[in-house]
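Student: Got a predicted structure here, sequence first:
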Amino acid sequence: MNRETIHTISVLVDNEAGVLSQVSRMFSRKGYNIESLAVGTTHNPAISRMTIELLTTQEKAELTCNQLRKLLPVHSVKLLSSESAIKRELLLIKIATADSIERNEVMQIANIFRASVIDVSTESITLAIIGDNEKNHAFENLLEHLNIMELVRTGIVALERGTSTIDEDTKEKGEFDYGKNVL
Amino acid sequence: MKLKGSDILMECLLEQGVDTIFGYPGGTVINLYDSIYKYGDKIKHILTAHEQGASHAADGYARSTGKVGVCIATSGPGATNLTTGIATAFMDSSPVVFITCNVGEAFIGKDSFQECDTVGITMPITKCNYLVKDVNEIASTVRAAFAMARSGRPGPVVIDILTNISGQEAEYEKVDLDKHYESGKLATLKNRPTHNLKPHEPEGDIDKLIEMIEASEKPMVICGGGVVRGRAQAEFLEFVEKADAPVAITIMGAGGFDGSNPLSTNMIGMHGSQASNRGIDACDLLISVGCRFNERVTLDVKHFARNAKIVHIDIDRSEIDKNVKTDHHIVGDAKRVLEIANKKLKQQDHTPWKEYVFQFPKEQEYESGGDTLTPKQITEAIAKILPEKTIVATDVGQHQMWAIQHLHFTYPGQLITSGGFGAMGFGLGAAIGAKVGNPDQCVCHITGDGSFRMNFAELCTEQKYDIPVITVLFNNSALGMVRQWQTLMYDHRYSQTYMDRGPDFVKLAEAFGIMGMRCTTKIELEAALQAALESGKSAVIECPIDIDELVRPMVPGGRAITNFIVD
């Protein structure tokens, strides 16, 4: 309970100016560092989904979720358990390659990991890989001895396995919505 | 019809039934003030000495009337001067709409003269805030802001309007209050796709509460600010009488339950009574109504109500399990939840338990201190001379605790105090706002020399608008509360808390054209209060007290709630 582990929080929010600021403030006010953050619109363009990864205790993660649920532009919040969540991240990596031997080595590693080559020049090669944290880390480790010019990750996005969704009608959600009811 | 943006704002205030606003003009709000000039016969504007005073006045107005307070200030320093007032309203869930203008569209984001990111600065201290960049959005935004401020758990809302659009024209059509949800921002809120707006029915939860009450032999109830904000005093009284449970009152809950009721154990927490704190410690069921378990109430949470099952009734779900872990909760408006509970609850009898709780004092006795007035003598004189329904606004510090411990408040809005934020300098502005909102009620402002020195400039507001407020000043020439901690916990090292300095408060009052009096005995004080009351004018009554007076009892932070270091 009091051990710090990575927690994945999914948040559905209004796709509006200032919302990211409001949500991130809930973390910064307590001095929490966000390990990973990904934001994008959903099948409803008026609503964005944020996926936030945080190193903290279960108790503090739950408290933060409750404070997020109170924010007006926040529709739903779910703390995803590591067992039920499918997580993916896109990683782009640009490697300086001196010759074709080095390029070939990179492409072999890329093949094993099903990474795709998205750009090649005479002096560099850029790969893209989609995976969870573990896979992407393993991939990165194998390339570490090469001359990495740039690396970027999108941040983890996550969904739950099966039919569970973030905006299920629960008693708790009803209670939070009651407080936000302006009618 | 086509109207100028600032006129639309005035029309929207009229839609909300606003007849009084507090504020201070400046460069970016000149359009607004031009409209205030034009609408002068419909909306009264109170010009304060400082934006902070205006912010507290709007807050005091809101707390005492239950209506939404309105405050206007200019961009930049005007907006930042409001922030203490906004934070005070936020911490105590007071519904106030703050309206500021920002620099024009061409200048925003360029560090222009008197520019600041008002929306960014006020984000953590408002329920929500708006930057209005289109004249067509003014009406819809104002309607949403008022609905937000007063709905659910009330709180402050900031509307920041770009100054250039306040001068542009747009189509305006008057919309009745009950039709506001049919268009604009409120309609969007109502139609949010994932929003569940089915009425939340806490019935099952209430049944469980009733079972818990019936199984309890030693129930205790906390009256929190939710009873006051929800104006649930009648339902609360019926509930605790039926449950036959002693009631501890938080600072924000004062007025939600009559302190002189035989079931009242008075204040709870750091300066709570023996009866309250020992009752909390011994009870087997603790029902909190609208209290968020601030650490000044619970002290060490591990020991708080350690023998009890805790039931938390609150309108705000995010308060549940935030500060203390609860065994059961009911989310809902205090009035509505208690109304349903009262129908289901049968009369209980807890005579032995009440005998146990009330063997402990519910109010501290003070020795009558020789030549100088004691704090208790001052509060006694206030209670004796001023009318029973007098509204009391306090500042922050020892005088605040003495006032709340010894004056018994009988209705919501009778005590106006900065409980959550603890903002010194709150009292005078708040008292002015309360008097403006309740012209027929006597308003007493209780303050200390430290707090009063911060914002006494608002005496000019009292004088100018003839807003009679009786200020009673506890003068111990010290920052008494900090000094008390230094006495008890810092081995009498009085660092920077001795305030042997001016002004002469009697002469100060007179300089503002207000009656000033200094009283050293109870008889003098009673005569001064009587004179102030009869004059129908403002007065400042200074009462020198001993510098070593302590607020008693006291449990320092972090200790168990019964661990009193002074009785």
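Tutor: Cool, got the structure.

Student: Contact residues of chain A facing chain B?
Tutor: Within chain A, the positions near chain B by C-beta under 8 Å from any C-beta of the partner chain are A:12, A:14, A:17-18, A:21-22, A:25, A:29, A:44, A:46-47, A:63, A:66-67, A:69-70, A:72, A:75-76, A:167, A:169, A:172-183. C-beta coordinates here come from the backbone N, C-alpha and C atoms, glycine included.

Student: what's the weakest-modelled helix or strand in chain A?
Tutor: Scoring the helices and strands of chain A by mean pLDDT, DSSP states H and E places helix A:171-180 at the bottom, with a mean of 85.

Student: where exactly do the helices run in the stretch 301-450 of chain B?
Tutor: B:334-344, B:351-357, B:375-385, B:398-406, B:426-437, B:449-455 (DSSP state H, counting those that start in this stretch).

Student: Can you spell out the domain ranges of the chain, please?
Tutor: Picking chain A for this. Per automatic domain parsing, the domain ranges recorded for chain A read A:5-80, A:86-157.

Student: switch to chain B, that's the one I care about
Tutor: Structural domains assigned to chain B are B:2-190, B:203-357, B:375-544, following automatic domain parsing.

Student: want to throw those into TSV with distance to chain A and mean pLDDT?
Tutor: As requested, the domains of chain B are arranged in TSV below (distance: least, C-beta to the nearest C-beta, whole Å; pLDDT from 0 to 100):
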stretch	distance to chain A	mean pLDDT
domain B:2-190	4	97
domain B:203-357	4	96
domain B:375-544	16	97
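
Student: Out of the domains of chain A, which one sits most buried?
Tutor: For those, the largest average neighbour count (mean count of other C-beta atoms under 10 Å in any protein chain shown) is found in domain A:5-80, namely a mean of 18.

Student: so how far is that one off the chain centroid?
Tutor: Between the centre of domain A:5-80 and the centre of its host chain there is 11 Å, according to C-alpha atoms, centre = their mean, to the nearest Å.

Student: And the average pLDDT for it is what?
Tutor: Averaging the model's pLDDT scores along domain A:5-80 yields 93.

Student: what does the model give the residue nearest the centre of chain A for pLDDT?
Tutor: Central residue of chain A (C-alpha atoms, centre = their mean): A:Ile156, 2.2 Å from the mean position. The predicted local confidence for A:Ile156 comes out at a pLDDT of 96.

Student: Report the contact partners of it.
Tutor: Contacts for A:Ile156 were tallied using C-beta atoms under 8 Å, 6 or more residues apart in numbering or on different chains; they are A:Thr8, A:Ser36, A:Ala38, A:Thr51, A:Glu53, A:Lys87, A:Arg88, A:Glu89, A:Asp132, A:Asn133.

Student: just the helices in chain A please.
Tutor: For chain A, the helices identified by DSSP state H occupy A:19-28, A:58-70, A:100-112, A:133-143, A:171-180, in order along the chain.

Student: quick one, which of those is nearest to B:Cys291?
Tutor: Closest approach to B:Cys291 among the helices of chain A (C-beta to C-beta): helix A:171-180, 15.9 Å.

Student: Tell me the buried residues in that closest one?
Tutor: Within helix A:171-180, the residues that qualify as buried are A:Lys173, A:Gly174, A:Glu175, A:Phe176, A:Asp177, A:Tyr178, A:Gly179, A:Lys180, counting by 16 or more other C-beta atoms under 10 Å in any protein chain shown.

Student: what's it packed up against?
Tutor: Applying 3 or more C-beta pairs under 8 Å, 6 or more residues apart in numbering or on different chains; DSSP states H and E, we find helix A:171-180 packed against helix A:58-70, strand B:328-331.

Student: and residue 136, what is it in contact with?
Tutor: Because you didn't say which chain, this covers chain A. With C-beta under 8 Å, 6+ apart as the criterion, the residues that contact A:Asn136 are A:Glu89, A:Leu91, A:Ile129, A:Arg153.

Student: wrong chain, I was asking about chain B
Tutor: When the contact criterion is C-beta under 8 Å, 6+ apart, the partners of B:Asn136 are B:Ala170, B:Glu171.

Student: Doesn't it belong to a helix?
Tutor: Yes - secondary structure of B:Asn136, determined by DSSP: H, G, I helix; E, B strand; the rest coil: located in a helix.

Student: how much space between it and A:Pro73?
Tutor: Taken as C-beta to C-beta, to the nearest Å, the spacing of B:Asn136 relative to A:Pro73 amounts to 21 Å.

Student: want to throw the helices and strands packed on helix A:171-180 into TSV with distance to B:Lys302?
Tutor: Compiled in TSV, these are given as follows (distance: least, C-beta to C-beta, whole Å):
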stretch	distance to B:Lys302
helix A:58-70	14
strand B:328-331	20
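
Student: out of those, nearest to B:Asp117?
Tutor: Each of those was scored for nearness to B:Asp117 using C-beta to C-beta, and the closest is helix A:58-70 (22.4 Å).

Student: looking just at contacts, which helices and strands does that closest one meet?
Tutor: Contacts of helix A:58-70 with other secondary structure elements, assessed using 3+ C-beta pairs under 8 Å, 6+ apart, are made with strand A:5-14, helix A:19-28, strand A:47-56, strand A:74-80, helix A:171-180.

Student: Give me the angle between the third one and strand A:74-80.
Tutor: What it means is strand A:47-56. On the basis of axes from the mean of the first three to the mean of the last three C-alpha atoms, to 10 degrees, strand A:47-56 is oriented at 40 degrees to strand A:74-80.

Student: What lies in contact with strand A:47-56?
Tutor: A:4-15, A:19-20, A:23, A:27, A:32-42, A:61, A:64, A:75, A:155-158, A:166, B:193-194.

Student: Could you check the angle that strand makes with helix A:19-28?
Tutor: What separates the directions of strand A:47-56 and helix A:19-28 is an angle of 10 degrees, with the same axes, to 10 degrees.
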